[in-house]
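Participant: Predicted model follows, preceded by the sequence.
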Amino acid sequence: MTTARTRKRSTLLTALTAIMLVYSLVPLAWLFINATKSQASLFDSFGLWFSGDFALFTNIRDTLTYDDGVFVRWLLNTLLYVVLGAGGATALATLGGYALAKFDFLGKRAVFAMVIGAVAVPTTALAVPTFLMFSKLGLTNTPWAVIIPSLISPFGLYLMWTFAAEAIPFELIEAARVDGAGELRTFLRICVPLLTPGIVTVSLFTMVATWNNYFLPLIMLKDPDWYPLTLGLNSWNDQAATSGGQAVFNLVITGSLLTILPLLAAFLLLQRYWQSGLAAGGVKD
Amino acid sequence: MAVLAPPAMRRSGPPGRSRAPRRRRSWTGWAFIGPFMAVFAFVFLAPIAYAVYLSFFRTKLIGGTSFVGAQNYRDVLTDPQFWSSFGRVALFLCVQVPIMLFLALLVALAIDSGRLYGKSFFRVAVFMPYAVPAVVATLMWGFMYGPQFGLVGSLNEKFGWSLPNPLGPDWLLASIGNIVTWEFVGYNMLIFYSALQVIPRTLYEAADLDGAGQLRIIRSIKLPGIRGALLIATIFSIIGSFQLFSEPAILKSLAPNVITTYYTPNFYAYSLSFAGQQFNYSAAVAIVMALLTAVVAYAVQLRGMRKERQS
């Protein structure tokens, strides 16, 4: 990366950049620290230090069992939306990106223009008409209302397109054709392995988008049994404000921690993939 | 709002003009892109068309639904609540986006300079908030801001400071700006960093030999080198700001009197539809907002490209 003469490391620059590091990590530290407190000590202790008994495990147990284990239900719903929504989005983007990169077909320009144009349309502007359409089709308040709109990721398509353009040499496809392999077989056996870093990157980003989705489920779902975690946590938080509702801030905090852990873990474990995927397929000029 | 759109277009060539002359025009491509386009038509094109259709009608308690032409649009354009919400996100955009992108750029340059201790730790740690759902980020910051067990209260108590209430009317927008900055600074940093990585290192060596200092290298090589990334990050931050919804919607329970039903245009469209059942008017609000977003994003893009040509 650097020139032959390794550049001198600078303590000053490290210290200055560390300010941003602290800014990024303090709220996460706050979340962890406060997930270890009971409801009572939340209110009478300093936010950035531990206090009272170490109640993390009690809190986790309470979070998972509160209201007949509805949190677990929300977690499973989220997983369902992520597996079908983000998984489907990645599959569609991979197929489509491959087509844009490696085939010439009628209407390709139109496809490109529409997809880029679609990126600029605020998703929330689509939400109301989508809701009305889906309610006519009887899809609202079912998992499909959340899954189907998640299937489209213009960003994913774009990333797979640029990635496929670079990762797959035309000669390889030609060679496979000459050998008599069908198009689908060529794609699955030869191209998909070459596309792996791009596929991992797109899956991670679509996964984050689906896991974190709030607006779409908010308008589509009425029944708490279909809520994803984001909506569920917010409903627990609002509960304190409703008359007669029980304040469960310790559960909101612990639930938030449990909600973000899988994503943080996925990003940390798959760093190598998404960083190379983003660098290769992403922004070049 | 995760998008890194066009610059690579120039590299992979404009669509349709193939680099490999051997490629025949065929329908095989459609077999691969067909599934995407089918779902795309269903969840993007159809709702847009439906929104446009809805926006020309109006439902009244007496008389049912009738065609009203452009009346909804005329109403939106003279609706003080709409303009108040638009003004708020415009202000937000002018302050929050530059701060966030500037911080992201500083961190990206610092990491790219190779002078940090533990640079990969920095890169991953600053990016981490991106993986936190907006709901969790807002709840978390809301608690820290909040009167119940907030940090601001404890700090005031502990050190005798008198920090203002972040959820009060004067500071709420800034507090939301802080949440959004926290969420996306790492993401933008990563975009800038990826773009910086692609600049050929030999350019730095040459500049170094010519006696150019680091600041000069940043100004003359690095910043022009990542202009495309800067432009895209700006455009998508603009779109993101105009769409502001989750953060104010979730903070509403903490600051019910400050956050009105028309706090942001999206929140307004949402309230009109789901609290007021005014679907037609809401569709008009959404379309006007989409058009305004497109105009602003397009203007920024034109300006960015003109600069590129000049340099």
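Facilitator: The structure has been received and is ready for your questions. Residues are numbered from 1 along each chain as shown, chains lettered A, B, ... in the order given.

Participant: Show the model's pLDDT score for the residue in chain B that chain A sits nearest to.
Facilitator: Per C-beta to the nearest C-beta, B:Gly29 is where chain B lies closest to chain A, at 3.1 Å. Every residue, glycine included, has its C-beta placed from N, CA and C. We have a pLDDT of 88 for B:Gly29.

Participant: For it, list the residues it contacts.
Facilitator: A:99-100, A:102-105, A:108 (C-beta atoms under 8 Å, 6 or more residues apart in numbering or on different chains).

Participant: Any figure for the gap between B:Gly150 and A:Val192?
Facilitator: 50 Å (C-beta to C-beta, to the nearest Å).

Participant: more neighbours, those two?
Facilitator: Taking other C-beta atoms under 10 Å in any protein chain shown, B:Gly150 and A:Val192 do not tie; B:Gly150 has more neighbours (20 against 14).

Participant: Let me know how buried the closest residue to B:Trp141 other than its chain neighbours is, in neighbour terms.
Facilitator: Of all residues not flanking B:Trp141 in the chain, B:Ile179 sits nearest, at 4.7 Å (C-beta to C-beta, 6 or more residues apart in numbering or on different chains). Residues near B:Ile179, counting by other C-beta under 10 Å, number 25.

Participant: Below-threshold pLDDT in chain B: ranges please.
Facilitator: B:1-25, B:147-149, B:308-311 (pLDDT under 70).

Participant: Domain-wise, how is it divided?
Facilitator: Split into domains by automatic domain parsing, chain B comes to B:32-69, B:78-310.

Participant: For A:Thr186, which residues are in contact?
Facilitator: By C-beta under 8 Å, 6+ apart, the neighbours of A:Thr186 are A:173, A:176-177.

Participant: so which of these is the most crowded?
Facilitator: A:Ile173 (21 neighbours).

Participant: So that one: helix, strand or coil?
Facilitator: helix (DSSP: H, G, I helix; E, B strand; the rest coil).

Participant: didn't it look like it was pressed against A:Lys102?
Facilitator: Yes - contact criterion C-beta atoms under 8 Å: A:Ile173 and A:Lys102 qualify, at 6.3 Å.

Participant: quick one: buried residues of stretch B:249-261?
Facilitator: For stretch B:249-261, a neighbour-count test (16 or more other C-beta atoms under 10 Å in any protein chain shown) marks B:249-255, B:258-260 as buried.

Participant: And for stretch A:80-95?
Facilitator: Those would be A:81-82, A:84-95, for stretch A:80-95 by 16+ other C-beta under 10 Å.

Participant: how about those in a markdown table, adding pLDDT, secondary structure and distance to chain B?
Facilitator: A markdown table is the format used below for the buried residues of stretch A:80-95 (pLDDT from 0 to 100; DSSP: H, G, I helix; E, B strand; the rest coil; distance: C-beta to the nearest C-beta, whole Å):
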| residue | pLDDT | secondary structure | distance to chain B |
| --- | --- | --- | --- |
| A:Tyr81 | 95 | helix | 13 |
| A:Val82 | 94 | helix | 12 |
| A:Leu84 | 96 | helix | 12 |
| A:Gly85 | 95 | helix | 11 |
| A:Ala86 | 95 | helix | 12 |
| A:Gly87 | 96 | helix | 13 |
| A:Gly88 | 96 | helix | 8 |
| A:Ala89 | 96 | helix | 9 |
| A:Thr90 | 96 | helix | 11 |
| A:Ala91 | 96 | helix | 8 |
| A:Leu92 | 96 | helix | 4 |
| A:Ala93 | 95 | helix | 7 |
| A:Thr94 | 95 | helix | 9 |
| A:Leu95 | 95 | helix | 5 |
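
Participant: list the contacts for A:Ala176?
Facilitator: A:Ala176 touches A:185-186, A:189-190, counting by C-beta under 8 Å, 6+ apart.

Participant: element containing it?
Facilitator: helix A:170-178 (DSSP states H and E).

Participant: send the alpha carbons of that helix over as CSV?
Facilitator: Included here for helix A:170-178 are C-alpha records, laid out as CSV according to Å, rounded to 0.1, in the frame of the first residue of the first chain:
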residue,chain,number,x,y,z
PHE,A,170,-15.7,-12.7,-21.5
GLU,A,171,-13.3,-15.4,-22.7
LEU,A,172,-14.3,-17.6,-19.8
ILE,A,173,-18.0,-17.4,-20.8
GLU,A,174,-17.1,-18.0,-24.4
ALA,A,175,-15.0,-21.0,-23.5
ALA,A,176,-17.9,-22.5,-21.5
ARG,A,177,-20.2,-21.9,-24.4
VAL,A,178,-17.8,-23.6,-26.8
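
Participant: Can you name the secondary structure element that comes next after that helix?
Facilitator: Next along from helix A:170-178, by DSSP H and E: helix A:183-186.

Participant: Check which helices and strands the helix or strand following that following helix is in contact with.
Facilitator: Downstream of helix A:183-186, the first helix or strand assigned by DSSP H and E is helix A:192-211. In terms of contacts (3 or more C-beta pairs under 8 Å, 6 or more residues apart in numbering or on different chains; DSSP states H and E), helix A:192-211 is packed against helix A:56-81, helix A:87-102, helix A:143-150, helix A:154-167, helix A:249-269, helix A:271-281.

Participant: Same list (the ones you listed) but as TSV, adding distance to B:Lys307.
Facilitator: As requested, these are exported to TSV (distance: least, C-beta to C-beta, whole Å):
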stretch	distance to B:Lys307
helix A:56-81	42
helix A:87-102	29
helix A:143-150	36
helix A:154-167	23
helix A:249-269	34
helix A:271-281	25
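
Participant: closest to B:Arg123 out of those helices?
Facilitator: B:Arg123 lies closest to helix A:271-281 among those, at 7.9 Å (C-beta to C-beta).

Participant: Perfect, that will be all.
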